[in-house]
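Student: generate a structure from the sequence data that follows.
(chains A, B and C)
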Amino acid sequence: MLFNLSLIALITPLIAGILAGFFGKTIGKIFTNGATILGVLISLIISIYILLSILGNPELVFNQDVYTWLSIGSYKLSIGLLIDNLTVSMMIVVNFVSLMVHIYTIGYMHKDPGYHRFFCYISLFTFAMLSLVMSNNFLQLFFGWEAVGVMSYLLIGFWYTKESAIKANFKAFIINRIGDMFLILGIALLFSIFGTLDYEHIFNNAESITSNTVVLSSSFEISSLTLACLLLFGGAMGKSAQMPLHVWLPDSMEGPTPISALIHAATMVTAGVFMLARMSPLFELSTTALSFVLIIGSITAISTGLLGLVQHDIKRVIAYSTLSQLGYMVVAAGVSAYSASLFHLMTHAFFKALLFLAAGSVIVALHHEQDIRKMGGLRSKLPITYITSLIGSLALIGFPGFSGFFSKDALIEAVSHSSVYASNFAYYCVLIGVLITSLYTFRLFFLVFHGPLKDENINVKEPQLSILTPLILLAIPSMLIGWPTIGPLVFDDFFTNSILQPSSNDIFGYQFTDSYHFLTHSLSGPVVYIAISGIFVSYFLYVLKTDIPEKLSKIFNPFYKVLINKYYFDYLYENIFARLFNNLGNSLWNKGDIKIIDNFIVNGTAYRVGRFSSRVRELQSGYIYHYALMMVLGLALFLAWVVFKSLGLVI
Amino acid sequence: MIKEIIFYTFSSVLICSSLAVILFRNPVYSAVSLILSFITSGFLWLLLQAEFLAIVLILVYVGAVMVLFLFVIMMLNINNERDKSSFNSLAPFALFIGLIIAAELITLIWINSSQFNINSLSIQEPDQISNTLALGKELFTNYILSFEIAGFILLLAIIISISLTLRTRKNVKTQVASEQISVNPSDRIKLVDLKEKQ
Amino acid sequence: MLTLQSYLSLAAIIFAIGIIGIVINRKNIIIVMMCTELLLISVNFNFIAFSYFNQDIAGQIFVFFILTVAAAEAAIGLAILVALYRNKKSIDVQELRTLRN
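Tutor: Numbers count the residues shown, from 1 in each chain, chains lettered A, B, ... in the order given. As a prediction, the model looks like this:
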């Protein structure tokens, strides 16, 4: 029963997407968005139903193959579904945000010529994301991983006549390729060790290979489990945009805003975090990999947050905020607090989607103006957007009582109790990160909604209902979802059947019982006060004394330059790696391809055959008696052979 | 004894006439030499009790095929202008190879003679049944299918020869019977109503 | 005493003469065809000799068919020759070089 239902939940967005893509023009706009919204709605309802059934009786969790896709000898690669608490919670997040974005898109894209295409893409994206989270093996995970990558590529370049969009989607695609290469290497390593790609088999037998090593060179061996984890995390770094593979995410803001909300904030970029949680039985066996994860996550969390402080594009600020929050999630995974990581993933999906959609609402209201220096004082013009943005911002910085507060504080709490190598470093990183988060969040908020109203924005008014509805619908969970869910999700054993959490790292189980308890505990810690002080600082800087930031940027000019150039990552990639590969490719093309392959092997072979043939052609004199002579010669030789054979001279 | 005399006489004639075939410059002489070769071969075949085939060789080959050759030679009229260079530059080489082949063949014949399993004593004198009758019995019983095919091949040869050499000449007046019998009176006679002159 | 070998040797000599004739001729295709007839005759000699010395009539049957096919071949070959002469005005072996290139 649940099996069939989950299949339906998986397939409906696919069907809706195909319908919208192939028949969108014939069935019209209303049917297009109707079909796709219906598809996602069905999927969402089924997800909720599955969650309720599983909560009632946990034995309904299942892991079942749908069909065998391929079998090579004794290797069998199947397509299967693994439905457990982790999957179901991801399904609900994905479907809910996707549904909101679908509704939002009706308003946001209603004048766009690519309306049908857009609905097709986001429905297919939903399908791909669902197949990623519902898979029970690495192959299907990889399929979903690549499919969301493709959809992300298509959607970043949705306005394909815009050069910057094309460059951005190209960049995203290439950087993701680097990550995907690591991922598939990791999968291949696991396959070579276990001979299967099935999660269950690999996780159950992971402990038996802890002493296994891979010889990288004669003097350097590495535990194969650690190597596999590092490679898998390499994939997660690409998809979840961790340092140093983060550069594609800010550029991906060239895509339409609903996409930024759905793919580049709420769902796809969290796939890496999801994968870390899913692979917890592997990562728990390798402290090296965990420390690596932790360090990468904390560096990302703090450094990308700083970049958010100097950006002027409303969407880019939020994009850097996303990067920073992804860093938080990865940090949590690094200290084995997977449930906190996933909890933050969930709350982040809601409030970040809300922030993006609110930004989109502002952008629509200002006729596609994205520069925050041209905004200001929009509070009175866009009241609903203002309030929902406020809720989203408060949730983002972790204001007590909002969803982000619970998730982020739980996460920081976990880091503070961790004993993994580099956890102290990570703790200070995330603490500073909290301050930075609230600084850039409220900088953005104050610059957009407070201050003097610009003259050209006098006639601005709220956009249409389909844009505002998702804002309100997302604001509610952003505000409230922390209260009821932190208990079961983080403190209780909601995830125990899908995530391996060693009891030594389980810092929540014995400390807290419910959300009130946690709230009171957190108020005695520094995190909340740091966050609130950040609000005041940014109010002071960006509302009261607006000339200070400029002076600051002049005083700390070298530092400011580093930030505005995004730590020179793009410069580095473009001028060193890209140029290197360009030169390499050019020389391979000129020397290898043209000279050796084309001129020597391909044309050279033809040329030599031609030369040889023209020599041989001289034999074809055309005289009949020449041919006759040759025949006779052959006959004579044959007879000679027979004679010698009869005489016993040859064999 | 008489057989040996006949054999050696006729075989020397046969070899000489065969050489003449390839050495004469005039193709007519060559053809006539070939006729001589066929006739002497026929005699030699008679020695081997192949009477029917000897007769057929002389009748069909000399009577028909060689006449055809001669006819073509004369029709094409190419026999007169022949220069000295009637042998090509490969001639010595060809001669050498030909001799080698002959030597090889004869060597083979003599070194393999033990494998022929011939018991000369078992050769019987011709019995009551004539060679022609024996051949006919075999042909029309065991080899009837091949015989039919041979007939078909001859038919094909006729058709091909005719179709290759047939050509339609221009400006030759011929009757086409099919057109003649399918004419309409109206095509031939046209009645014209002449009005009186006024 | 006439043996099989004498007949076979005679046939071999005729065969060699035929081969030499084919190769050394440079003027006339008709001569080439006559040489082919010589080759056939020598082969027939072998058949008949074996037939006689083995007392097996099958050899003569073969000769019968060879004669039939040879007659057909001669007829067709001459017809081709006539057609060739009409087109080229020559049956000179040295001028017929269309096989080249």
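Student: run the chain-centre distance for the longest helix seen in chain C.
Tutor: For chain C, the longest helix by residue count, based on DSSP state H, is helix C:58-88. Taking C-alpha atoms, centre = their mean, to the nearest Å, one finds helix C:58-88 lying 10 Å from the centre of the chain it belongs to.
Student: can it be found next to chain A?
Tutor: No. Using C-beta under 8 Å from any C-beta of the partner chain, helix C:58-88 stays clear of chain A, coming no nearer than 12.0 Å. All C-beta spots, glycine's among them, are computed from the backbone N, C-alpha and C.
Student: buried sites along that helix?
Tutor: By neighbour count on 16 or more other C-beta atoms under 10 Å in any protein chain shown, the buried set for helix C:58-88 is C:59-85.
Student: over to stretch A:47-58?
Tutor: By 16+ other C-beta under 10 Å, the buried positions in stretch A:47-58 come out as A:47, A:50, A:51, A:53, A:54.
Student: among those residues, name the ones in strands.
Tutor: With strands identified by DSSP state E, none of the entries of the buried residues of stretch A:47-58 belong to them.
Student: from those, which single one is nearest chain C?
Tutor: The shortest gap between chain C and any of those belongs to residue A:47, at 77.1 Å (C-beta to the nearest C-beta).
Student: for that closest one, which non-adjacent residue is closest in space?
Tutor: If you skip the residues right next to it in sequence, residue A:47 has residue A:91 as its closest partner in space, 4.1 Å away by C-beta to C-beta, 6 or more residues apart in numbering or on different chains.
Student: show me the contacts for that neighbour.
Tutor: Contacts for residue A:91 (C-beta atoms under 8 Å, 6 or more residues apart in numbering or on different chains) come out as A:9, A:43, A:47, A:50, A:130, A:133, A:134.
Student: which SSE is it in?
Tutor: In this structure, residue A:91 is located in helix A:85-108 according to DSSP states H and E.
Student: okay, and residue B:164 sits in which element?
Tutor: Secondary-structure assignment from DSSP H and E places residue B:164 in helix B:144-165.
Student: that helix vs helix C:58-88, what angle?
Tutor: Per axes from the mean of the first three to the mean of the last three C-alpha atoms, to 10 degrees, the angle that helix B:144-165 makes with helix C:58-88 is 10 degrees.
Student: what packs against helix B:144-165?
Tutor: Taking 3 or more C-beta pairs under 8 Å, 6 or more residues apart in numbering or on different chains; DSSP states H and E as contact, the helices and strands that helix B:144-165 lies on are helix C:58-88.
Student: so which other helices or strands are in contact with the helix it packs on?
Tutor: When contacts are defined as 3+ C-beta pairs under 8 Å, 6+ apart, helix C:58-88 packs onto helix B:51-56, helix B:66-76, helix B:131-141, helix B:144-165, helix C:29-54.
Student: near chain C, anything from the third one?
Tutor: Read it as helix B:131-141. Yes. Contact between helix B:131-141 and chain C, assessed by C-beta under 8 Å from any C-beta, occurs at B:131, B:134, B:135, B:138, B:139.
Student: so who does the closest residue to the second one other than its chain neighbours touch?
Tutor: Among residues not flanking residue B:134 along the chain, residue C:57 sits closest, at 5.6 Å (C-beta to C-beta, 6+ apart). For residue C:57, the contacting residues are B:134, B:135, B:138, C:51, taking C-beta under 8 Å, 6+ apart as the criterion.
Student: out of those residues, who's nearest chain A?
Tutor: Out of the contacts of residue C:57, the member with the shortest distance to chain A (by C-beta to the nearest C-beta) is residue C:51, at 22.8 Å.
Student: now do the contacts for the closest one.
Tutor: B:48, B:50, C:57, C:58, C:59, C:60, C:63.
Student: quick one: neighbours of residue A:516, just the number.
Tutor: Here the neighbour count serves as a burial measure; for residue A:516 (other C-beta atoms under 10 Å in any protein chain shown) it reads 11.
Student: now stretch B:77-93: mean pLDDT?
Tutor: Per-residue pLDDT values over stretch B:77-93 give a mean of 62.
Student: returning to what we had before: mind giving me CSV with the helices and strands packed on helix C:58-88 and columns for distance to residue A:115?
Tutor: Listed next are the helices and strands packed on helix C:58-88 as CSV, based on distance: least, C-beta to C-beta, whole Å:
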stretch, distance to residue A:115
helix B:51-56, 94
helix B:66-76, 86
helix B:131-141, 90
helix B:144-165, 74
helix C:29-54, 82
